[in-house]
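Novice: Return atomic coordinates for the entry below.
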Amino acid sequence: MDDLPPRQTTEPDQAEAAMARLLRAATFAARVHATHRRKGSSAEPYVNHVLEVAQILAAHGAPEEAILAGLLHDTVEDSDRDPEPITHERLVLEFGALVAGVVAEATDDKSLPKEVRKALQVRQAAKKTDAAKMLKLADKISNLRAIAASPPAGWDHARRLEYVGWAGRVAAGLRGVNPALDALFDATYRDAVARLAQEA
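Specialist: Purely as a prediction, here's the structure:
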């Protein structure tokens, strides 16, 4: 019997399918954030933040749903004034209920006053799913880096110091899921505190 040629398949393998999902989420986030800028003095494109959050998660062994949610985590919150705001339902349709659920856990209710939202982040941190805890921790790592390197215009030393302390209180409830992320947060926190101490 002649040898048969290798079986051809049109189905992408799992790694290719995962890469396609990540790139689709990155493209989706880039379109949503196309006109958004970070508050820092360098006013970098906002998409840089969500890419950094996803990269932190990917580099520290987070599951795919957390990495996808890292790319998408600000699409609902930051598109509320856009001509076509992104909704939770849209994310479910585009990326599935699991990813949309992680995004929902990481999204603040902007109808609440800022101080209430901040207090809720501290109180609710420990109640989140593992994927959402990792996402929130990576988000805080990215934000601490930005606060230290390129703070928003008008943020004086006291306000930056207050943010760093608040991020530490949120992170306390997110610990224990991913030791590598815990360690990266600790190092980033120490660096931010040291940098602010030098500026005092």
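
Novice: which other helices and strands contact the helix or strand of the chain with the lowest mean pLDDT?
Specialist: Across the helices and strands of the chain, mean pLDDT, DSSP states H and E gives its lowest value to helix 75-78, namely a mean of 91. Applying 3 or more CB pairs under 8 Å, 6 or more residues apart in numbering; DSSP states H and E, one finds that helix 75-78 makes contact with helix 14-32, helix 88-95, helix 97-106. From N, CA and C alone the C-beta is placed, and that goes for glycine too.

Novice: what's the angle from the last one to helix 88-95?
Specialist: Just to be clear, that refers to helix 97-106. Between helix 97-106 and helix 88-95, the angle comes out at 140 degrees (axes from the mean of the first three to the mean of the last three CA atoms, to 10 degrees).

Novice: Go through helix 97-106 and list whatever outside residues touch any part of it.
Specialist: Around helix 97-106, the neighbours that count as contacts under CB atoms under 8 Å, 6 or more residues apart in numbering are 25, 65-66, 68-69, 72-73, 75-76, 88, 91-92, 128-129, 131-132, 135-136, 139.

Novice: which of these count as buried?
Specialist: Neighbour counting by 16 or more other CB atoms under 10 Å classes 25, 65-66, 68-69, 72-73, 75-76, 91-92, 128, 131-132, 135-136, 139 among the contacts of helix 97-106 as buried.

Novice: Which of those residues fall within strands?
Specialist: With strands taken from DSSP state E, there is no overlap with the buried ones among the contacts of helix 97-106.

Novice: What ranges does the chain have for its helices?
Specialist: Assigned by DSSP state H, the chain shows helices spanning 14-32, 47-59, 64-72, 75-78, 88-95, 97-106, 114-124, 130-149, 157-172, 179-199.

Novice: for the helices and strands packed on helix 75-78, which one ends up most surrounded?
Specialist: Greatest average neighbour count among the helices and strands packed on helix 75-78 goes to helix 97-106 (a mean of 21), per mean count of other CB atoms under 10 Å.

Novice: tilt between it and helix 64-72?
Specialist: Using the same axes, to 10 degrees: helix 97-106 against helix 64-72 is 50 degrees.

Novice: thinking again about what came up before, got the contact list for the least confident helix or strand of the chain?
Specialist: 28-29, 32-33, 36, 46, 85-88, 91, 103-104, 107-108, 110.

Novice: can you check stretch 157-169 too?
Specialist: 118, 122, 140, 143-144, 147-148, 151, 155, 189, 192-193, 196, 199-200.
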